[in-house]
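K.L.:
just the structure for this:
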Amino acid sequence: MILALDVGGTKLAAARVEGGRVLERLEAPTPTHDRGPEAVTRAALELLRPLLPGARALGVAATGGVAGGKVTALNADTLQGWHAYDLQGALQGATGLPTAVVNDADAAAWGEAAYGAGQGVENFIFVTVSTGVGSGLVLGGRLYLSRHGLHAEMGYMRAPDGTPLELVASGGALDRWARGRGWEGAREVVRRAAADPAAEAKLAESAGLVADKLADLKVMLGLERAVIGGGLGLSAGYLERVRAALGRLDPLYALEVLPAALGADAGLIGAADWAGRTSQ
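P.N.:
Numbers count the residues shown, from 1 in each chain. Below you'll find the model as predicted:
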């Protein structure tokens, strides 16, 4: 049995994982009074403590850039004061377990590769379209990682006007647009899309921007499939809009698009599997 930990800006999740299945899962909010590395590590260890007996390794999925087990926040509002923080060393020292730390989108990509919608192909991208836009790459059957920790960050690729994709295509971007119209947020945009041309146009814009980047990456990397997850990515009709946008392009850019299969457990399952493989 392997332990998994998901460190996010708003939530911590810990789980016992075996054979690609979550056996037990615990959650707690990320400390709001102090999101610095030491406070978050203490909260994570408290969450992990009852799950430790019988574990042989610990896999960690963390938001931000990850290199050599060290985490650097890419968004200061998410994790404050995290700059090359040795999360791997801190958790391994406290638990005594061999520990592996990867970016949360990378972990989800690996989970889908091993047990979900990424099975059966060598080259695919996992994209989560949620509050932000995140992604992970599996190339040649291997998780793509960089030495400096900044890689496969589709949300930081630029839209045609130069704006990072995350700021114009994410659920967070739709939230801001919707509230400017007096609506509740992205969920209301999805609900209204069938009858409201403005809502449909906004969703189509988001899906079209994602499709454009997928098309570029397909011909650059030889991708065989895109796996899409996240709250907005899995909302009604979103995948169909991405597929339609790709279908309007030259057949050269044709790409299979599938929904993520592991849901909210993808990062935990991927982190656990990664730790199991790297700790042997």
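
K.L.:
show me what contacts the residue nearest to residue 247 when sequence neighbours are not counted?
P.N.:
If the residues on either side of it in the chain are set aside, residue 247 comes closest to residue 254, at 7.8 Å by Cβ to Cβ, 6 or more residues apart in numbering. Quick note: C-beta positions are derived from backbone N, CA and C, even for glycine. Listed by Cβ atoms under 8 Å, 6 or more residues apart in numbering, the contact partners of residue 254 are 218, 246, 247.

K.L.:
try residue 267
P.N.:
Residue 267 touches 4, 6, 61, 104, 105, 107, 108, 111, counting by Cβ under 8 Å, 6+ apart.

K.L.:
now the last one, nearest residue through space, not along the chain?
P.N.:
Nearest in space to residue 111, with sequence neighbours left out and distances taken as Cβ to Cβ, 6+ apart, is residue 270 at 2.9 Å.

K.L.:
that neighbour is in contact with residue 105, isn't it?
P.N.:
No. Shown here, residue 270 and residue 105 do not form a contact pair, counting by Cβ atoms under 8 Å, at 9.5 Å.

K.L.:
list the contacts for residue 222?
P.N.:
Residue 222 makes contact with residue 123 under the criterion Cβ under 8 Å, 6+ apart.

K.L.:
ok, now how distant is it from residue 191?
P.N.:
38 Å (Cβ to Cβ, to the nearest Å).

K.L.:
repeat that for residue 11.
P.N.:
In this structure, residue 11 and residue 191 are 25 Å apart, going by Cβ to Cβ.

K.L.:
same check on residue 271?
P.N.:
Using Cβ to Cβ, we find residue 271 at a distance of 33 Å from residue 191.

K.L.:
check residue 41 too.
P.N.:
From residue 41 over to residue 191 the distance is 40 Å, taken as Cβ to Cβ.

K.L.:
same check, this time on residue 72
P.N.:
When Cβ to Cβ is the yardstick, residue 72 and residue 191 sit 37 Å from each other.

K.L.:
kindly report the same for residue 220.
P.N.:
Looking at residue 220 against residue 191, where the rule is Cβ to Cβ, the gap reads 36 Å.
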